[in-house]
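Q: sequence and predicted model, in that order:
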Amino acid sequence: MTEEIKNQILAVRQTGATNMFDVIRVMEIAEDLDFDELVEYLPANKAEYVNFILYGK
């Protein structure tokens with residue numbers, strides 16, 4: 001996971017618009033924010049994403 005992806009995840013979380021475990025909604029918000037990298041990353045990397053949400057790693 002790149003720093004850019006991490007920053008985009010944190011930006012989505014900062015909106016407070018969704019539960020971060022709702023990956024579909026996270027992707028929708030990422031699309032609205034033009035976070036193309038995050039939109040492309042999430043479908044193939046859900047386990048790594050959840051690990052980051054839970055543990056910050």
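A: That came through fine.

Q: give me the buried positions along stretch 34-54.
A: Counting neighbours by 16 or more other C-beta atoms under 10 Å, one finds that the buried residues in stretch 34-54 are 35, 38-39, 41-42, 49, 52. For glycine as for every other residue, the C-beta is placed from the backbone atoms N, C-alpha and C.

Q: out of these, which sit inside helices?
A: Counting by DSSP state H, the part of these found in helices is 38-39, 41, 49, 52.

Q: mind picking the two most distant members of those residues?
A: Farthest pair in those (C-beta to C-beta) is 39 and 52. Separation: 15.9 Å.

Q: quick check, central residue of this protein?
A: Nearest to the geometric centre of the chain sits residue 9, at 3.7 Å (C-alpha atoms, centre = their mean).

Q: for residue 48, give its distance to residue 17.
A: Residue 48 is 22 Å from residue 17, where distance means C-beta to C-beta, to the nearest Å.

Q: do the same with residue 25
A: Distance of residue 25 to residue 17, computed by C-beta to C-beta: 8 Å.

Q: now the helices for this protein?
A: Applying DSSP H to the chain gives helices spanning 3-15, 23-32, 36-41, 46-55.

Q: for these, give me TSV that also has mean pLDDT.
A: Shown next, in TSV, are those (pLDDT from 0 to 100):
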stretch	mean pLDDT
helix 3-15	98
helix 23-32	98
helix 36-41	98
helix 46-55	96
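
Q: how many residues are close by residue 55?
A: By the measure other C-beta atoms under 10 Å, the count of residues near residue 55 is 7.

Q: residue 48 versus that one, what's the distance?
A: Residue 55 is 11 Å from residue 48, where distance means C-beta to C-beta.
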